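Enquirer: I would like to see how this sequence folds:
(2 chains)
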Amino acid sequence: MKKTIRQKVPGLYFSLSFALLPGAAAAAATPRAAIYQTVPVSGQVVDQKGEPLPGVSVRVKNQSVGTVTDGAGKYSLSLPEGSTTLVFSFVGFVSQEVEAKNGGKVDIKLNEQANSLEEVVVVGFGTQKKTSTTAAVSTLPAADVAQKPVVNLTNSLAGRVAGVISTQGGGEPGFDGANIQIRGVGTTGGTQPLYIVDNVPRDFSRLDPNTIETITVLKDAAAVAPYGVAGANGVVLVTTKRGRKGPPQLSYNGYVGIQNPTRLPRFVNSYQYALMRNATVANDFPDDPNRALPYSPDDLQKFQDHSDPDGHPDGEPLRDVIKKNRVLTYHNLSLAGGGDKVQFFTSLGYTHQQGMWDPTYLDKYNASLSVTADATSTTRVGLSLNGWVEMQHFPTFGAGSILRQAQRQAPTTPVRYSNGLPSGYIAESLIGEIYGSGTQVNQNPTLQAQFLIEQQLPFIKGLSIKGTASFDPSSSFQRIYTTPITFYNVDTSTTPYTYKQGIQGNSKPKFTEYYQQDWAFTYQGYLNYANTFGKSEITGLAVVESRNLTHQQFQASRVNYNTSIDELDFGGPGASDATNGGSSYRRKQLGLIYRATYAYAGKYLFEASGRYDGSYVFAPGRRFGFFPAFSAGWRISEESFLKNRYSWLDNLKLRGSWGQSGAFPYINGNIADFQYLSPYTPYSPAGVIGGTAVQGLYEARQGNPDITWERANKTDIGLETSLWKGLLNLEVDFFYEKRANVLTTRASVLPGEYGVGVGLVNAGVITNRGLDLTVRSSRHFGKSWNLDVTGTFTYARNTQVNIFETSATYDNVNRRIAGRPIGTQFGYEALGYFSASDFTADGTTLKAGIPVPTFGPVRAGDIQYADLNGDGKIDVNDQTVIGKSQTPQIIYGLAPRLSFKNFDLDFLVQGTARSNIYLNGYHVRPFDESSSATTLAFEEYWTPERTNTLYPRLTGTPTANNTQSSSWWIRNNAFVRLKSAEVGYTFDSALLHNALKSVRLFVSGQNLLTWTPYIRETIDPDNSSNNQNYFQQQVFSVGLNANF
Amino acid sequence: MPTPTLLRRAPALLLGAALLLNGCKNDDFLNVESKSAVTEVSAYSNETNADLIVNDIYNNIPSSSNDPTQTLEQYADNSFCGAGWETGQSVVRAGAISPANVPNGPSSMWRWEDNYSRIRKCNLFLQNVEKYSTNFSASWKTQRVGEVKFLRALYYTYLFTSYGGVALIDKPLNATTDPDGLFVARSTIDQTLAFIVADCDAAAASLPTTAARKGDGRATKGAALALKGWAQLFAASPLANTSNDVAKWAAAAATNKQVLDLNIYSLFPDLGTFFLQENNDNQEVIFNKEYIAVTAGHSKEGTYGPVNVNGVTQGWGNYQPTQSLVDDYLMSNGLPITDPASGYDPQNPYANREKRFYQSILYDGAPWQSDILTTRIGGNNQIDLNSTSDISNTGYYGRKTLDERIPAQTSRALNASGANYVIFRLGEVLLSYAEAQNEAVGPGAGVYSALNQLRKRAGLPDLAAGMSQSQLRDYIRRERRIELAFEDKRWFDIRRWKLTAGSTGVLNTPSMGMLITPDKATGKLTYAKVKVFENRFFDFQNWMPIPQEDIAKNTKLVQNAGY
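Expert: Below is the predicted model:
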């Protein structure tokens, strides 16, 4: 070993992983001859109500022998000779030790312990007892994930886990993931946390919910330091299910649901539209009073009486194309079990999700297999496979452009004519973009495979080594067949009307295939040590981890298909009909992780952890960094002056941590590697020279050879307490982070004449502080009532301490960015509307003394802004803070859970506060880009008679003055949502004549009610400013859990 | 006891760990090749590679043809734009040009930072071609340096004709090696012109008279002189030449004459087909940006072409000629419509107009793609007075530079047009010469000759002799508008002539269209000019403001007056 270690590091993991296999063989060869005499023991474990408890760990004290109770709470095992004590432990119950000297039948009753002192939490590269953890860690119970009608698992965290700020931008099948920020935003760079599945950085969003064992959120430095340069934004740790001892248990979980948009704005009908259009004329041409109106009284009459459905249609395009009650269904079958030596878990899942229109739907197939086996008495071997294939189907037009057109199209153009022909509005056919534009199919298979081998090293008690090798291949194959969109325009000058056919797009189809392949190899070697010396408990962990990723993609495209066969080979014959392209990259990372803990008397807890981490992202010689963390805990309730003196005090722990963690450079959400290079980048076609398309080469960037990672200094103080036997559990953490070396661009201070982009530099300083809080209360009422309420609260506020900014903003206290949170919105302070009395007799010249806007002419009914610098004109120097970031500073959740006999009820109310949304787009700007208008706009546009309105005067197109970024369009985005609700009834096995072990039927809902007290517009608070993100979905479902 | 075992082994483990950490100092095993870039050394290692850099500099030439949303004619009085969000309406015509809202022109033609980025590419090439000069032959170097100096002059001309005097930077800025040299103040108008002239002179001296290969898209001597002549003409015009220094006009006349005297360009006989793909690189073209349909094409027909054709929506209709442009076309007898002898009938306004009218304008009753466009009330493109659609607000569409054979939807879907974007052609040089000569010397044979060449092609009789300098000036200005309509020249002309603002300012008086109403019984059409938009423009806005963010970053820059 020593020899190997002395060699260069690349050899290390090879030597370690090599060492593992012979190690196993060596262990097998060590004398196991001393076969123990064993005594069989069996029994059943029940809870206080006498209900069988499956999954209870039954271990022989101070031995590695153990089992788990089966679905009926039964267990059996063999007591090694000399052992007499069985330890029964189960999450949420008080552990019990029972003498079983002579074996036989040992039935016991476990008492529920709401404060979960024995709970084990998953931490980086291992697990710890909750009571001895000194880091800030939150756990999401698997039950909160398993059967909720949520396809993308990133959406499971909002409101359930303290410390997680989560926003879901859109609900499109396949693209409905939430943006997760742990403890808010600490940098202007990338903010997404590191996602870890079974100790390896991986995507967890598409895992089958029923294969999730735990989801854990690591928040403070003590928790994230083992992730080194990638941990500063927090870590989401997911573990997937493993087999457990017991007879095979077959379970079915599934639901069928329907989806509808949470918020669907109402747009005007044709009559209202025509009235509004007519109203614009007086505003646009005030000195032209005899000007003809766009719509005559006859038109208005026909819009109202629907007597001329194609000449004077009356549609509501948005509602006409969004289908109601779209199906969402999920089915899962899992089988788990195993004997003493081999355990397995296997699961199959299927998800089908329809989109708001037919061509959009998703099919997802998940499969999992986990096998673990004791190869020898000291060697454990495991293989786990989590795989899925996601098939996404879309029209070739994106949801954003469809929703844009659906909100743009005036009601005076129907989606289809009365004879069924599809229409077009301003050279675009809304219905054609959905149903006639061809299809895009994405096939995304992913496999997450992990092989592990763990070896106890008997020559040192408590020492073990473990090696894992993970191989994660994933790919995406896209077929995009774009067809010409046929649409019709009506000619009303003929009798009867005639319908002329047009083509949107090229008159012949186009076909593109795109293939992307990602391979990730992760090798880990673990050295684990745990032992007890008197009152001292020591654990040690050392891990070496090496990662190697490759990415390759290519695409090929053909145009001018003469047949309708979507095969690449059959495209047009011309040289210019075919195009192709491709690119690739590799990534490497190597880390050395350690953690050491020392606990004295279970009261004084100390921990040191960290990582020495290296990445290819940085220049040679600047690739490795050290990220240490230290933490300590004091279980005050264990002190003699408290213990057993106050019966209401179950647990009181104070803990604190400090440490450092890093973050990679990010640009637009992607790791920005090679920022240290000053590259020239080729591209083509770079125009035409000499009669042919040519290639070009340009200086892409002036690199920063000194670039390094962002460095976060994190401090956390936490308090955990449990009172009155679990009636009140409270965990609160105060945190402070100072992120130094924040990677930012100097471009904002280099002169505009500089002419080339420069590499990111480590120059920013950002602080982030706040608290997160979990309160839980459990109570039994009488014999059959159980109430359990969990509340979470998270507050995080950042401050940009040092950033690049010009004197134009820095010297103006209203506009200064430094000292304010990231994402602070700037604009003009709206005072209200100009009134006629603000103008001289001509109606266009502002009276002396009234500050003049520089955005074009204004009239009564236009928005008036504050002249903050008092120079008599409104320009950029008058801008100030008009709102907070749309990312909320506060997010909270309240989850009451009630059970009565066989009924159970589960709610989650989730809310946010301290966020602002800026509204723009067609839903607040009538006639913008020839768009329609909402009914709210119809009721709320300014007229001389109606001045206290939400929106300014109507013009044929919104004026530049009224569309300036201003407080007029800012809304307080605080909301409260009934995020989920579930009612279930469990038929127990007696009721089922023992045909099944148990069956639970449930009705559940997601996003049931949303209350936005400060926004009158019909917009989901998670949507974008222009309400053109795929609408969030409300889901109603009925489901079944059955155990066979 | 296990403890001693562990303790005994601890030193070995520590030593191992220390060696491991030490090993990380040499981190070559983390090397990953960047696949998206080559080094400067390799970029300049031979002529083939360095040619790619020059290709990129050419490719940075802005053109209206591949700007999907706006044409420069919309900024000027030649074309209206119905979409309120388009800069021509929301900024330029609204009098809203400000440092926070600088209209940048199609393809960011004169955007401050874009041009300095283009200029940096030139400066970097000129610096590195010396640094790596041993890799290049003398003839290659002479030719490419000439081209790049021409291109640098072109990019400075976009700045000059928009902002006046600008920061003159002739080597790449470097924040690391020369942090003090980063912030450069503005030079005067004369200094800026001198810089452009010097680059053009250097280019003209080293570039061949004719391209190595016809239509290779590279700059020639004629291109360098035409650019110099244009920059000088702009500098001589009232906006930049506030003291009306006649010597500046004389200099412009001389340079434009030099182009004519090269005697290698001649007028293409038909302006109506000049801009079709098959006539790319014709005998009149001095410099253009080249295209190839589909591969490296543009979608002008789709974005600028008429909206409803053959009953269905096709184009975006971004060419919407104003009534004032339509009125400026002469009658076929060569007289303006205001002349009582012209025979113009306001109730039959499209009859007997000059050839260029029919080549340039689509009007009510004009044929297009086997359809007859009608903009009258009830017509297939009924005038859209309220911007409820893309249909023209003026009752006209543009025709010039568009290829009737390319359906608009195909054009947008495939970039199906391969017609080049003409930057300089002989017709413009004739007009520039005539204008400068008339201003410098007054009416003369050279001026008449230049103008009559264009009239002849337009099928018009020669100009009547004996016009005064002032009459001729008015004529040249009208002729320039007509001849160069839809070629992105008008915006610069109305500003340099200071015609934009004031009570008669072409951007300060309403844009007009033509409302054509058929009689319900007889079908007889009634023509009435109708107000389309209340324009507003201030005199100081003839010079663009330096963008707010650039003034903020370089406090040495002084803003133009009025902002």
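Enquirer: name the helices or strands packed onto the helix or strand hosting residue B:252?
Expert: Under the criterion of DSSP states H and E, residue B:252 resides in helix B:246-261. Packing contacts for helix B:246-261, counted by 3 or more CB pairs under 8 Å, 6 or more residues apart in numbering or on different chains; DSSP states H and E, involve helix B:221-236, helix B:426-440. No exception for glycine: its C-beta is placed from N, CA and C like everyone else's.
Enquirer: residues contacting the spatially most central residue of chain A?
Expert: Per CA atoms, centre = their mean, the C-alpha nearest to the average position across chain A is that of residue A:178, at 2.9 Å. By CB atoms under 8 Å, 6 or more residues apart in numbering or on different chains, the contact set of residue A:178 is A:152, A:154-155, A:157-158, A:166-169.
Enquirer: circling back: show the average pLDDT along the helix holding residue B:252.
Expert: Helix B:246-261 shows a mean pLDDT of 98.
Enquirer: Pull out the buried residues from it.
Expert: Using 16 or more other CB atoms under 10 Å in any protein chain shown as the test for burial, helix B:246-261 gives B:248-253, B:255-260.
Enquirer: got a list of contacts for that helix?
Expert: Under the criterion CB under 8 Å, 6+ apart, residues B:222, B:225-226, B:228-229, B:232-233, B:235-236, B:241, B:265, B:286, B:426, B:429-430, B:432-433, B:436-437, B:439-441, B:446, B:450 lie in contact with helix B:246-261.
Enquirer: do the same with stretch B:531-540
Expert: Here stretch B:531-540 makes contact (CB under 8 Å, 6+ apart) with A:285, A:288, A:856-857, B:80, B:89, B:92-95, B:322, B:385, B:393-394, B:498, B:500-502, B:505, B:507-513, B:560-563.
Enquirer: for it, how far is the first residue from the last?
Expert: Using CA to CA, to the nearest Å, the end-to-end distance of stretch B:531-540 comes out at 25 Å.
Enquirer: do the same with stretch B:341-348
Expert: Stretch B:341-348 has an end-to-end distance of 16 Å (CA to CA).
Enquirer: Work out the gap between that stretch and the centre of the chain.
Expert: Centre-to-centre, stretch B:341-348 and its host chain are 35 Å apart (CA atoms, centre = their mean, to the nearest Å).
Enquirer: Just the buried positions in it, please.
Expert: Using 16+ other CB under 10 Å as the test for burial, stretch B:341-348 gives B:342, B:344.
Enquirer: Equivalent analysis for stretch A:183-197, please.
Expert: Of the residues in stretch A:183-197, A:183-191, A:193-197 count as buried by neighbour count, 16+ other CB under 10 Å.
Enquirer: At the contact with chain B, which residues of the stretch 601-750 of chain A appear?
Expert: A:612, A:614-616, A:620-621, A:623-624, A:673-674, A:677-683, A:685-700, A:702, A:746, A:748-750 (CB under 8 Å from any CB of the partner chain).
Enquirer: So which of these sit within strands?
Expert: Among these, DSSP state E puts A:612, A:614-615, A:624, A:680-683, A:688-689, A:692-693, A:696-699 in strands.
Enquirer: and the residue in the stretch 351-500 of chain B that chain A sits nearest to, what does it touch?
Expert: For the stretch 351-500 of chain B, the residue closest to chain A is residue B:413, as judged by CB to the nearest CB, at 3.6 Å. Counting by CB under 8 Å, 6+ apart, residue B:413 makes contact with A:505-506, A:510, B:302.
Enquirer: So for the strand or helix carrying residue A:251, mean pLDDT?
Expert: Element membership of residue A:251 [criterion: DSSP H and E] is strand A:246-261. The average pLDDT within strand A:246-261 is 92.
Enquirer: what do you get for stretch A:286-298?
Expert: Mean predicted confidence for stretch A:286-298 is 89.
Enquirer: and that stretch, is it in reach of chain B?
Expert: Yes: using CB under 8 Å from any CB, we find that stretch A:286-298 touches chain B at A:288, A:291-292, A:294.
Enquirer: could those residues go into CSV alongside neighbour count and distance to residue B:469?
Expert: Putting the residues of stretch A:286-298 next to chain B into CSV (neighbours: other CB atoms under 10 Å in any protein chain shown; distance: CB to CB, whole Å) gives the following:
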residue, neighbour count, distance to residue B:469
A:288, 14, 40
A:291, 17, 43
A:292, 14, 45
A:294, 18, 48
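Enquirer: which one among those residues gets closest to chain B?
Expert: Closest to chain B out of the residues of stretch A:286-298 next to chain B is residue A:294 (4.8 Å), distances taken as CB to the nearest CB.
Enquirer: So what sits opposite residue A:389 in the bridge?
Expert: As for beta bridges, residue A:389 partners with residue A:365, residue A:445 under DSSP bridges.
Enquirer: For residue A:217, grab the count of nearby residues.
Expert: 25 (other CB atoms under 10 Å in any protein chain shown).
Enquirer: Which residues are in contact with the residue nearest to it when sequence neighbours are not counted?
Expert: Nearest residue to residue A:217, sequence neighbours excluded (CB to CB, 6 or more residues apart in numbering or on different chains): residue A:138, at 4.5 Å. Listed by CB under 8 Å, 6+ apart, the contact set of residue A:138 reads A:161-164, A:216-217, A:219, A:772, A:774.
Enquirer: Remind me which helix or strand residue A:138 belongs to.
Expert: Following DSSP H and E, the helix or strand that holds residue A:138 is strand A:137-140.
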